[in-house]
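Peer 1: Model the structure of this input:
(one chain, ligands or ions: 1)
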Amino acid sequence: MSDAGASPLIEAVIRAKTYRRPDGTGMEAVCGITLALRRGEFVCLIGPSGCGKTTTLRILAGLDRAFEGEVKPDPATLSIGVAFQEPRLLPWRTVEENIRLVLPKARRAMDLAPLIARFGLSAHAARYPGELSLGLARRVSLARAMALEPDLLVLDEPFVSLDAQAAAELRRYVALAADGGTSVLMVTHNVREALELADRVVMLAPRPTHVVEEVCLALPRAMRDGPWIEAERAALAARFPLLREG
Ligand SMILES: Nc1ncnc2c1ncn2[C@@H]1O[C@H](COP(=O)(O)OP(=O)(O)OP(=O)(O)O)[C@@H](O)[C@H]1O
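Peer 2: Have a look, this model is predicted:
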């Protein structure tokens, strides 16, 4: 659960982020985001397609430093696990080897069986990425990020392109990671999945993006059912017409 009142794990002020187009002109992606994550908090960034969600996430994770503003503390001083849409597994390494490779040297020889079992991967540990479905590969990518015992887990559209069953399964594992106390920052354009998982959703405007509103979801994750999610979604859609298709 979130640790209200405590100092944030990480906070970012992004005054501006401008990409350079091939013709040399600037394209402003972000024009004013202030975002703080508390320890143990699950925050979802929701916004329309192309608004600047991934850009914001990459800045918070310390993967992009070319912006106006600051992130405190420096992301390099935190342990941050990242799982991208594309699982980015080494095809010539087994599932277990892919997970082991990200560990710092001192922990490289640790027994990974408990982690692999926790993420339902025991039967797949010796398989190669090419033998896995996209849902399983994303789960390996999530387990790999969690192997770092991160302060912050960063997820970019983890459920996109999965069928409903695979997406629901992966959502359970993301909830499992969050229930263990890891802070999570997840980007999505899917309002329902944000409402199923997050303690707080941050609504973003179309590009160049800024924060439109933050919505706290007090009901514990385990108590959220279909009707509750649908009622919250309808209420949000009424206030944010751009999200209606989500
Ligand atoms: N490296 C880059 N160079 C130039 N433009 C970029 C770059 N990365 C992103 N953009 C542009 O910046 C804008 C914001 O991109 P970003 O990926 O952050 O949006 P998003 O909200 O995550 O998009 P989506 O909903 O499609 O995942 C988009 O118009 C995108 O085309």
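
Peer 1: what's the longest helix in this protein?
Peer 2: As assigned by DSSP state H, the longest helix anywhere in the chain is helix 164-179.

Peer 1: now the strand or helix carrying R139 and helix 164-179, what's the angle there?
Peer 2: If you go by DSSP states H and E, R139 is part of helix 134-147. Orientation note: helix 134-147 sits at an angle of 10 degrees relative to helix 164-179 (axes from the mean of the first three to the mean of the last three C-alpha atoms, to 10 degrees).

Peer 1: Measure how far the helix or strand just after helix 134-147 is from the centre of its chain, please.
Peer 2: Sequence order places strand 152-156 as the next helix or strand after helix 134-147, per DSSP H and E. Distance of strand 152-156 from its chain centroid, counting by C-alpha atoms, centre = their mean, to the nearest Å, is 3 Å.

Peer 1: Next: stretch 52-60.
Peer 2: 10 Å.

Peer 1: neighbouring contacts of it?
Peer 2: When contacts are defined by C-beta atoms under 8 Å, 6 or more residues apart in numbering, stretch 52-60 is touched by residues 10, 12, 14, 17, 29-30, 33, 35, 45-47, 64-65, 67, 69, 71, 75, 154, 156, 185, 187-189, 204, 207-209. Bear in mind the C-beta positions are built from the backbone N, C-alpha and C, glycine included.

Peer 1: picking up where we left off before, what is the rounded mean pLDDT of the longest helix of the chain?
Peer 2: When pLDDT is averaged over helix 164-179, the result is 91.

Peer 1: mean confidence for stretch 24-38?
Peer 2: For stretch 24-38, the mean confidence score works out to 93.

Peer 1: could I get it in PDB with only the CA atoms?
Peer 2: C-alpha atoms of stretch 24-38 as PDB (Å, rounded to 0.1, in the frame of the first residue of the first chain):
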ATOM      1  CA  GLY A  24      16.100  20.100 -37.700                       C
ATOM      2  CA  THR A  25      13.000  21.700 -36.300                       C
ATOM      3  CA  GLY A  26      11.900  21.000 -32.800                       C
ATOM      4  CA  MET A  27       8.900  19.000 -31.700                       C
ATOM      5  CA  GLU A  28       7.700  19.500 -28.200                       C
ATOM      6  CA  ALA A  29       6.600  16.300 -26.500                       C
ATOM      7  CA  VAL A  30       6.200  17.400 -22.900                       C
ATOM      8  CA  CYS A  31       5.400  20.900 -21.600                       C
ATOM      9  CA  GLY A  32       4.900  20.700 -17.900                       C
ATOM     10  CA  ILE A  33       4.800  17.500 -15.700                       C
ATOM     11  CA  THR A  34       5.300  17.400 -12.000                       C
ATOM     12  CA  LEU A  35       5.100  13.900 -10.700                       C
ATOM     13  CA  ALA A  36       6.100  12.300  -7.400                       C
ATOM     14  CA  LEU A  37       5.900   8.600  -6.500                       C
ATOM     15  CA  ARG A  38       5.700   7.500  -2.900                       C
END
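
Peer 1: list the buried ones in it?
Peer 2: A29, V30, C31, I33, L35, L37, R38 (16 or more other C-beta atoms under 10 Å).

Peer 1: try stretch 169-181
Peer 2: Quick answer for stretch 169-181 (16+ other C-beta under 10 Å): E169, L170, R171, Y173, V174, A175, A177, A178.

Peer 1: All set now, cheers.
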